[in-house]
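Trainee: sequence-free structure coming up:
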């Protein structure tokens, strides 16, 4: 009996002795796993992607807390660049939507025969729809063609149709051909019960009669500039055109805003173009730059601005920041006058 008890005692001692190292090993493994996870997390936090996400989150927070004072008069801005493909229409519609998100009432006048601004705002612009062509050629009241965007009742659009492609030829024979848009817009603004804060005119990439009508109707020029070398050449041509319009048609026209678009901070060229533009136009260039963004490119295919399509994306945040700058500049300009 004593031999059996002794054997039982030895057996269980052996079992307990073999289990103790196992439990200690599992604790050690868990600690090692936690340490590796902590190191991986710390390593990720120090990656460019993590820093970019953290910065974007901080910018969203600042925007959500931003307070702006809307201007008391209507600011009419023509979004123009004689060079095509610089993000002109994209900037016009997304800035308009961002201004509305900041509390403003905005009208976008689509003066480009391609009608891309009308598409991006979700506004019908088939050939049978009354459009800005009818205003310029047939003296339609602007109020008869303005439509509200599905995104917001405060985001209005005067659409363009394919008929506008022939408007420049037809305008040649009209009296006061350079002031057709200005006359119609003035009448429209005077008849509004609730005034607009901003009017953005999207121009075609040329200096024809349509663009001249936009310059004659506007107070300010808003130039989007792609961060590439050719954009600088286009800018110098545009400044010459603005000077000519000031001298002969609209003395109050002035360059108020420049926005750097399609910015890729990884390339030295983009950094050099941005630095050069800021050197020559320190008062006009916005602090905000618009990065290259897939979301910004995708939004028009859904008939939306990037603000409605993905309001938390980097592109949407950048346009909202630009809109806040524009509103604050407008309010500051009014206070100084």
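Mentor: Nice, thanks for sending it over. From a predicted model like this one, the values you see are computed outputs, not experimental measurements. Numbers count the residues shown, from 1 in each chain.

Trainee: Toward the C-terminus from the lowest-mean-pLDDT helix or strand in the chain, list the very next helix or strand.
Mentor: None of the helices or strands of the chain scores lower by mean pLDDT, DSSP states H and E than helix 2-45, at a mean of 52. The helix or strand immediately downstream of helix 2-45 is helix 48-65, counting by DSSP states H and E.

Trainee: in a helix, that's where residue 123 is, yeah?
Mentor: No. The assignment for residue 123 (DSSP: H, G, I helix; E, B strand; the rest coil) gives coil, which keeps it out of a helix.

Trainee: isn't it right next to residue 159, touching?
Mentor: Yes. The pair formed by residue 123 and residue 159 meets the contact definition of C-beta atoms under 8 Å, at 5.0 Å. In this view, the C-beta of every residue, glycine as well, is placed from N, C-alpha and C.

Trainee: Identify the contacts common to the two.
Mentor: Common neighbours of residue 123 and residue 159 (criterion: C-beta atoms under 8 Å, 6 or more residues apart in numbering): residue 147.

Trainee: mind giving me the domain ranges of this structure?
Mentor: By the assignment in automatic domain parsing, the chain contains the domains 2-46, 70-336.

Trainee: Mean neighbour count added to the ones you listed, as TSV?
Mentor: Below are the domains of the chain laid out as TSV (neighbours: other C-beta atoms under 10 Å):
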stretch	mean neighbour count
domain 2-46	10
domain 70-336	19
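
Trainee: Can you tell me which of those is nearest to residue 58?
Mentor: domain 70-336 (10.3 Å; C-beta to C-beta).

Trainee: Endpoint to endpoint, the closest one covers what distance?
Mentor: End-to-end distance of domain 70-336 (C-alpha to C-alpha, to the nearest Å): 15 Å.

Trainee: next one: that domain to chain centre, how far?
Mentor: Here domain 70-336 is found 11 Å from its chain centre; the criterion is C-alpha atoms, centre = their mean, to the nearest Å.

Trainee: The helix or strand encompassing residue 214 - what's its average pLDDT?
Mentor: Remark: residue 214 resides in helix 209-217, with elements defined by DSSP H and E. In this model, helix 209-217 has a mean pLDDT of 94.

Trainee: Check which helices and strands that helix sits against.
Mentor: In terms of contacts (3 or more C-beta pairs under 8 Å, 6 or more residues apart in numbering; DSSP states H and E), helix 209-217 is packed against strand 75-79, helix 167-171, helix 180-190, helix 229-248.

Trainee: Same list, the ones you listed, but as a markdown table with distance to residue 135 please.
Mentor: Putting those into a markdown table (distance: least, C-beta to C-beta, whole Å) gives the following:
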| stretch | distance to residue 135 |
| --- | --- |
| strand 75-79 | 15 |
| helix 167-171 | 10 |
| helix 180-190 | 5 |
| helix 229-248 | 20 |
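
Trainee: So which of the ones you listed is nearest residue 47?
Mentor: That would be helix 229-248 among the helices and strands packed on helix 209-217, by C-beta to C-beta, at 31.2 Å.

Trainee: Name the surrounding residues that touch the closest one.
Mentor: When contacts are defined by C-beta under 8 Å, 6+ apart, helix 229-248 is touched by residues 80-83, 86, 207, 211-212, 215-216, 221, 223, 225, 253-255, 269, 273, 276-277.

Trainee: Report the inter-axis angle for that helix versus strand 75-79.
Mentor: Calculated by axes from the mean of the first three to the mean of the last three C-alpha atoms, to 10 degrees, helix 229-248 forms an angle of 130 degrees with strand 75-79.

Trainee: helices or strands up against whichever helix or strand comes after helix 229-248?
Mentor: As assigned by DSSP H and E, the chain's next helix or strand after helix 229-248 is strand 254-263. Counting contacts by 3+ C-beta pairs under 8 Å, 6+ apart, strand 254-263 packs against helix 88-101, strand 220-226, helix 229-248, helix 268-280, strand 285-291, helix 314-336.
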